[in-house]
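Trainee: Would you be able to build a 3D model of this:
(one chain, ligands or ions: 1)
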Amino acid sequence: MPVKILMVCLGNICRSPLAEGILASKLPKEKFFVDSAGTGSWHIGHSPDKRSIATAQKNGLNITNQKGRQFSRTDFDTFDYIFVMDNSNYRDVIHLAQNETHKNKVQLILNSIFPDENVDVPDPYYGATNGFDSVYQMLDEACEIIAKKLISDHSE
Ligand code: 4NP
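Mentor: Now for the predicted structure:
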């Protein structure tokens, strides 16, 4: 059984598709499965935002095959780790948790770089295109740390 990691944002078209693509690129596919979801329902079935696709492409990643979906309670059982992009996602996901085991799976992604600081990945949806570059850089740095830890924690 692979270790399963879920990336969560609001729309599942800007930040979490990038986080999914970046983390998946740093982990061996045989052992790890990475997915993403949004807390909102507006973009179910949609491709990632064009600006996320372009930013991923500039960095050698293809995220065009991803399709938006909404986070659901069953994800707490399916996934081993749930990384949320901001404090609002954190509240929305924790609100759906039914026990401490579920809650303990949820962490803010940038706490991997800045432990306990609860820093948000800013939502680039309404902003300038260069917002996507800075989001990419922070997600890449976080995913580098997360991938190393996952690989070391799940080596036998
Ligand atoms: P994301 O950005 O949470 O990074 O995917 C958003 C995309 C769409 C919307 C909000 C945030 N929206 O309201 O449609």
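
Trainee: Show me which parts of stretch 129-141 are buried, residue by residue.
Mentor: Gly131, Phe132, Val135, Tyr136, Met138, Leu139, Asp140 (16 or more other C-beta atoms under 10 Å). Backbone N, C-alpha and C define where each C-beta goes, glycine included.

Trainee: May I see those residues arranged in CSV, with secondary structure and pLDDT as well?
Mentor: Listed next are the buried residues of stretch 129-141 as CSV, based on DSSP: H, G, I helix; E, B strand; the rest coil; pLDDT from 0 to 100:
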residue, secondary structure, pLDDT
Gly131, helix, 95
Phe132, helix, 97
Val135, helix, 98
Tyr136, helix, 98
Met138, helix, 98
Leu139, helix, 98
Asp140, helix, 98
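
Trainee: I'd like the residues you listed written out as a markdown table, with distance to the ligand added.
Mentor: Output for those, formatted as a markdown table (distance: C-beta to the nearest ligand atom, whole Å):
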| residue | distance to the ligand |
| --- | --- |
| Gly131 | 10 |
| Phe132 | 10 |
| Val135 | 8 |
| Tyr136 | 12 |
| Met138 | 13 |
| Leu139 | 11 |
| Asp140 | 16 |
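
Trainee: got the contact list for the nearest residue to Gly40 once chain neighbours are set aside?
Mentor: Excluding the flanking residues, the one nearest Gly40 by C-beta to C-beta, 6 or more residues apart in numbering is Leu10, at 5.2 Å. Contacts for Leu10 (C-beta atoms under 8 Å, 6 or more residues apart in numbering) come out as Gly38, Thr39, Gly40, Met85, Asp86, Ser88, Asn89, Asp123.
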